[in-house]
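Enquirer: can't give you the sequence, but here's the structure:
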């Protein structure tokens, strides 16, 4: 069965927002370090930590896309909103504009997971042997 357009839109939007975030983080490592230090004040944030954490964040973005694309895992419909809610909860007053852009893309991608054709697509996968 062909993937419905909301699944394709989810995959594109979620990967694009992850790549934008990753590129922005690596293009401004001192700012990324400061952002991580504000989020995790108990840790000493080094340049290496900022790079590794940004790479891990990109990898974490790719996991639900892979689960939805290849496994049709209904868990994605709850995992992604939880991830986006966590991002909203961790917003700081000095959040850069690129973070707002990527958050808007992530919210739009999340909405795609709850379209009628997506619900049917996930349900068909769980009914298959």
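Expert: Received, thanks. These numbers were taken from a predicted model, which means no experiment stands behind them.
Enquirer: which parts of the one helix or strand residue 50 maps to are buried?
Expert: Take DSSP states H and E as the rule and residue 50 turns out to sit in helix 47-66. By neighbour count with 16 or more other Cβ atoms under 10 Å, helix 47-66 contains the buried residues 49-50, 53-54, 58, 61, 64-65. (C-beta placed from N, C-alpha, C; glycine too.)
Enquirer: quick one, helices of the chain?
Expert: Per DSSP state H, the chain carries helices over the ranges 5-27, 29-39, 47-66, 76-89, 97-112, 116-127.
Enquirer: could those helices be laid out in TSV, adding mean pLDDT?
Expert: Formatted as TSV, the helices of the chain follow (pLDDT from 0 to 100):
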stretch	mean pLDDT
helix 5-27	97
helix 29-39	91
helix 47-66	96
helix 76-89	95
helix 97-112	96
helix 116-127	84
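Enquirer: circling back to that earlier point, and the angle for the helix holding residue 50 with helix 97-112?
Expert: Between helix 47-66 and helix 97-112, the angle comes out at 20 degrees (axes from the mean of the first three to the mean of the last three Cα atoms, to 10 degrees).
Enquirer: what's the nearest residue to the residue positioned nearest the centre of the chain if we skip its chain neighbours?
Expert: Central residue of the chain (Cα atoms, centre = their mean): residue 61, 4.1 Å from the mean position. In space, and not counting its chain neighbours, residue 61 is closest to residue 18: 3.3 Å by Cβ to Cβ, 6 or more residues apart in numbering.
Enquirer: contact partners for that neighbour?
Expert: By Cβ atoms under 8 Å, 6 or more residues apart in numbering, the contact set of residue 18 is 57-58, 61-62, 102.
Enquirer: give me the distance between it and residue 33.
Expert: Distance from residue 18 to residue 33, counting by Cβ to Cβ, to the nearest Å: 20 Å.
Enquirer: residue contacts, residue 90?
Expert: Residue 90 neighbours (Cβ under 8 Å, 6+ apart): residue 39.
Enquirer: and it, backbone torsions?
Expert: phi -90, psi 10 (degrees, to the nearest 10).
Enquirer: what do you get for residue 72?
Expert: phi 50, psi 40.
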